[in-house]
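Asker: My questions are about this predicted structure, shown below with the sequence.
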Amino acid sequence: MSVASSPPRSLRANAMGLFGDWVAGIATVAPSSSVAFTLALMISFAGLSSPFAVLVVGFGMLFVAVGYSRLNNWRPNAGAPFVWVGAVVRPWLGFAVGFGAILGMLFANIGNIALAGSYLISVIAPSYHPSSLLVWIVSAALLAIVVALAIRGVRPSIRVQMALLILEYAIVILFLILAIAYEVSGHHPGAHAPSWRMFTPSLSLGGFKGITSAAVPIAFLYLGWESTLVLSEETTNSKINPGRAAILGTSFLILWYTLLTVVFQGIASPKDIIAHGTDVLAYAGTILLPGPFERLLPVAVFVAVFGTTQLQLIASSRVVWAMARDKLFPEFLASLSRHQAPFWASLILGAIPALALIPYLVSTSANTAIGDVISAAGLWYLFMYAVIAFTSVWFYRRALLTNVRFFFGSGVIPVVGGVMMVIALIYGLITQTAAIAWVGGLTIVVCLVIGAIYALGSRHPYFHQPRMIYEPGEDAGSSSAKASR
């Protein structure tokens, strides 16, 4: 008589190593598509000084990544955002951050999947103008593939991401070489070769104000690098590798984004680049490699968008699963597939973007809807990054004066990163369109209110846990910490 096997109760441990963590963080950000959609906007603010702004904002993200890494040293967890903030600061704030992280990734995927569908159609039939219905059908089919991969677990998903990254980067590197040759030849009106002046504010259209204005869309370039932290329970050396991958990944993105910006902003005059908006890389393709091969850059953009859609779903499903495991969400959301991956969480988070995409495609143009959704989600991300950076400092506060390593690594660096995120958030709320600012601001307020209401009168142990603090003399990688008094 056979005995039915019991369903898995935990995520698959040791499913990937440091390299897989790094791939997850890079793929979630989707560098090629991010540059394609923001380069024109960056130049409209900062002119040819955009690489300088990319570097400055990138270091702010790197400083925040150090804070994430320090908290992961203490407690790796699939629900990292709500677990860390809830245990160190206040449980209601932790719940709000966890809930907002899910919403942010969900909003981003509504835009991502619409872009993926539109770009796939444009790659196949460049001159065809698809109907909203066709965009939705293609986008829903791509979402079905993403969900199927997610349910099979993080290991096959990362393998797919590796293949996608190889294809994406091979194409982009080819066009980088072609672009540099095109620019340095000096035979093309409007094109200009890279210059060290691009790393100063001197070429900014509005001086330092232009650099500051560009910082908001540039911050959106980096969003998603933190996804590797919620995969920590499925990673080897879980207290070290996820944080290390976040730092390595963010460092790589700083260099890669700077290179892409320096090179592709030089293929034409700023006026021409701004005129092509979110199609700037497709425009570059027509200049650098005419004929059928000009579609290669849109292929790279599609691959990047598909990859980030998959990783956003994987990351958000882990946070939902972790909150359900802790009984903060309905328990059925904590169910796992036979591959030890979140099952119902993946299905629901995959279905919502497909359903939400319908009114967006019907009521307005795809570009407007996508821009509003992604930008509003980006404002929440900036808020979350700031909160977690400050949480890291608060957790290690008693050890900051014990040695130089703690003072800078657990204090100064995360604080600077958090402050930069707050500045970018405030500036974003002021300078973004009214629709984006209102949606982004209300998302933050609503999440905070939900967290406070959920905690009010609740007897759930999560909302009555003691606040934790790192005590000097403990192993920095230890999960032990004491309740603060």
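Answerer: The structure has been received and is ready for your questions.
Asker: use CA for all of it now, contacts and neighbours both
Answerer: Fine.
Asker: Strands along this structure, start to end?
Answerer: 468-469, 482-483 (DSSP state E).
Asker: Which of the ones you listed comes out lowest on mean pLDDT?
Answerer: For those, the stretch scoring lowest in mean pLDDT is strand 482-483; its value is a mean of 64.
Asker: which helix is the longest one in the protein?
Answerer: Longest helix in the chain by number of residues (criterion: DSSP state H): helix 91-124.
Asker: how near is R397 to A386?
Answerer: Remark: distance between R397 and A386 (Cα to Cα, to the nearest Å) = 16 Å.
Asker: Of the two, give the one with the bigger neighbour count.
Answerer: A386 (25 against 18; other Cα atoms under 10 Å).
Asker: Retrieve the pLDDT associated with the more buried one.
Answerer: Among the per-residue scores, A386 shows a pLDDT of 97.
Asker: Need the distance between the two termini of stretch 197-215.
Answerer: End-to-end distance (Cα to Cα), stretch 197-215: 18 Å.
Asker: average pLDDT for that stretch?
Answerer: Computed over stretch 197-215, the average pLDDT equals 80.
Asker: Next: stretch 120-135.
Answerer: In this model, stretch 120-135 has a mean pLDDT of 82.
Asker: what about the longest helix of the chain, distance to the chain center?
Answerer: Relative to its parent chain, helix 91-124 has a centroid offset of 9 Å by Cα atoms, centre = their mean, to the nearest Å.
Asker: Can you tell me which helices and strands that helix packs against?
Answerer: Here helix 91-124 touches helix 80-88, helix 132-151, helix 296-325, helix 344-363, helix 366-395, helix 434-455, going by 3 or more Cα pairs under 8 Å, 6 or more residues apart in numbering; DSSP states H and E.
Asker: Any chance of those helices in TSV with distance to A424 as columns?
Answerer: Formatted as TSV, the helices and strands packed on helix 91-124 follow (distance: least, Cα to Cα, whole Å):
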stretch	distance to A424
helix 80-88	20
helix 132-151	32
helix 296-325	23
helix 344-363	27
helix 366-395	7
helix 434-455	13
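Asker: out of those, which comes closest to L62?
Answerer: Taking Cα to Cα, helix 366-395 is the member of these nearest to L62, at 10.8 Å.
Asker: what's near enough to touch A144?
Answerer: A144 is in contact with G350, counting by Cα atoms under 8 Å, 6 or more residues apart in numbering.
Asker: Give me the pLDDT for it.
Answerer: 93.
Asker: nearest to L288, of the helices and strands packed on helix 91-124?
Answerer: Smallest distance to L288 across those (Cα to Cα): 10.2 Å, for helix 296-325.
Asker: So for the closest one, what gets flagged as buried?
Answerer: For helix 296-325, the neighbour count (16 or more other Cα atoms under 10 Å) marks 296-325 as buried.
Asker: picking that back up, go through the longest helix of the chain and flag the buried ones.
Answerer: 91-123.
Asker: is M16 in a bridge, and if so with what?
Answerer: Residues in a beta bridge with M16, per DSSP bridges, are T235.
Asker: Number of residues surrounding it?
Answerer: When counting by other Cα under 10 Å, one arrives at 21 neighbours for M16.
Asker: list the contacts for it?
Answerer: 155, 234-236.
Asker: Could you check how far it is from Y283?
Answerer: 38 Å.
Asker: same thing with A424?
Answerer: Going from A424 to Y283 by Cα to Cα gives 30 Å.
Asker: of these two, who's got more company?
Answerer: A424 (24 against 21).
Asker: give the contact list for that one.
Answerer: Going by Cα under 8 Å, 6+ apart, A424 touches 215-216, 219, 382.
Asker: separation between the residue nearest to I43 when sequence neighbours are not counted and A179?
Answerer: Spatial nearest neighbour of I43, chain neighbours left out: S50 (6.2 Å); criterion: Cα to Cα, 6 or more residues apart in numbering. Distance of S50 to A179, computed by Cα to Cα: 17 Å.
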